[in-house]
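Engineer: structure here, sequence nowhere to be found:
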Ligand SMILES: *Cc1c(COP(=O)(O)O)cnc(C)c1O
């Protein structure tokens, strides 16, 4: 089989070798239940707590404020459902954005169904929530604001520190889905003024099925999962020791490499975007370059269906996404791009290319080379493409 070019790192990532090496002993040697009392188990619990320290250090939190979960989705569900549950005596109003990941979006829908009131703030053409809109939406009965740090389709960075400060002034809890930010850009829970923050391992080269929720000390929250007394009695179920150890190693590596990786990925992204925009007409960059995490390009190819583009790219061994993996399979254009005010036709022809630790300049150049004839061919077949 010919070489695969993986440009879907916002969907998931390849696990780094150092991370696999770190987690292997948890599978083959320290396999006991970490909550048992004998030394083999204590060793495993020790490794879990080392990972907890690494996660805490990476986001400037205390280790006791880090709670491991089975995924980013669980962390988001926990934050939203349980803040709502625990604080409903104070009010039943929650504020979120209109471009959240389904893990927040659909949790809010559920909360709405059981009697909470949800305000969804609009976003600018760059995909950002405005602090003024948040100020206006906050009410005495608002118990939680949840706004994502970095969007998974366009990766624009939201002004979380400012939004967090506004919520704090009103005494309202602030949660951020930082799943596309952690491991990619500096994340500091103190500077961001957040009370709860979700992260997920497989978005930064750890395995799937492990995440964490940061819960600031003093925040009133209940458990999502009841059972044993794991995670200080707040999150039951036997620890996923291999996953947690891997998460710790991956976040440590990402933090060490961050400055250099951010510069490298920004340069690769610029090469990709400039190459496509200069060589293919009727193409547009969605979101903005300055306010975004390096390494992702979301580009609209007018007069083309994103899905057909994906298919033809796949024939060349190139894997990207049209919008997010979580909403693909549906024929509707991306709700995120629509909320940003894109026309139906531009939103339909969008392609998300996300780079990662393993991406190279060669990958970028090959993708540009392959895209040129593919787009030409699709447009020749397109009934909407203007011909002279
Ligand atoms: C991937 C992702 C999630 C879901 O995390 P899982 O660990 O896959 O459950 C939630 N929010 C954002 C922004 C994501 O990119």
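Structural biologist: Done, it's in. Quick caveat, the model's predicted, so the values are computed rather than measured. Numbers count the residues shown, from 1 in each chain.
Engineer: burial of residue 257, as a residue count?
Structural biologist: Residue 257: 13 surrounding residues under other Cβ atoms under 10 Å. Quick note: C-beta positions are derived from backbone N, CA and C, even for glycine.
Engineer: SS state for it?
Structural biologist: helix (DSSP: H, G, I helix; E, B strand; the rest coil).
Engineer: identify the residue spatially nearest to it, adjacent ones excluded.
Structural biologist: Setting aside the residues directly before and after it, residue 257 is nearest to residue 357 in space (Cβ to Cβ, 6 or more residues apart in numbering), at 7.7 Å.
Engineer: now that neighbour: how far from the ligand?
Structural biologist: From residue 357 across to the ligand, the span is 16 Å (Cβ to the nearest ligand atom, to the nearest Å).
Engineer: dump the residue contacts of the closest residue to residue 147 other than its chain neighbours.
Structural biologist: In space, residue 147 comes closest to residue 97 once its chain neighbours are excluded; the distance is 5.0 Å by Cβ to Cβ, 6+ apart. Going by Cβ atoms under 8 Å, 6 or more residues apart in numbering, residue 97 touches 120, 121, 123, 129, 146, 147, 148, 158.
Engineer: by neighbours, which of those residues wins?
Structural biologist: Neighbour counts for these (other Cβ under 10 Å) peak at residue 148, which has 28 neighbours.
Engineer: that one and residue 176 touch, don't they?
Structural biologist: Yes - the criterion here is Cβ atoms under 8 Å, and residue 148 meets it with residue 176 at 6.4 Å.
Engineer: how about the helices in the stretch 51-200 of the chain?
Structural biologist: Using DSSP state H, counting those that start in this stretch, the helices of the stretch 51-200 of the chain run over 72-87, 102-113, 131-137, 160-169.
Engineer: deepest-packed of those helices, please.
Structural biologist: Counting by mean count of other Cβ atoms under 10 Å, helix 72-87 has the highest mean neighbour count of the helices of the stretch 51-200 of the chain, with a mean of 23.
Engineer: that one vs the ligand: in contact?
Structural biologist: Yes - when contact is scored as Cβ under 6 Å from any ligand atom, part of helix 72-87 falls within range of the ligand: 72, 73.
Engineer: now do that helix: which elements does it pack against?
Structural biologist: helix 102-113, strand 142-146, strand 173-177, strand 196-200, strand 211-215 (3 or more Cβ pairs under 8 Å, 6 or more residues apart in numbering; DSSP states H and E).
Engineer: just checking, what packs against the helix or strand of the chain with the lowest mean pLDDT?
Structural biologist: Lowest on mean pLDDT, DSSP states H and E among the helices and strands of the chain sits helix 344-348, with a mean of 81. If contacts are counted by 3+ Cβ pairs under 8 Å, 6+ apart, helix 344-348 sits against helix 335-339.
Engineer: quick one: the helix it packs on near the ligand?
Structural biologist: No - Helix 335-339 lies out of reach of the ligand by Cβ under 6 Å from any ligand atom, never closer than 10.5 Å.
Engineer: residues making contact with that helix?
Structural biologist: So helix 335-339 is contacted by 98-99, 122-123, 127, 151, 153-154, 286, 298, 300, 323-324, 327, 344, 346-347, 350 (Cβ under 8 Å, 6+ apart).
Engineer: same thing but at 6 Å, please
Structural biologist: For helix 335-339, contacts defined as Cβ atoms under 6 Å, 6 or more residues apart in numbering pick out 98, 99, 123, 153, 347, 350.
Engineer: so which of those belong to strands?
Structural biologist: Mapping the contacts of helix 335-339 onto strands (DSSP state E) picks out residue 350.
Engineer: that older thread, who wins for proximity to residue 273 among the helices and strands packed on helix 72-87?
Structural biologist: Proximity to residue 273 (Cβ to Cβ) singles out strand 173-177 among the helices and strands packed on helix 72-87, at 25.2 Å.
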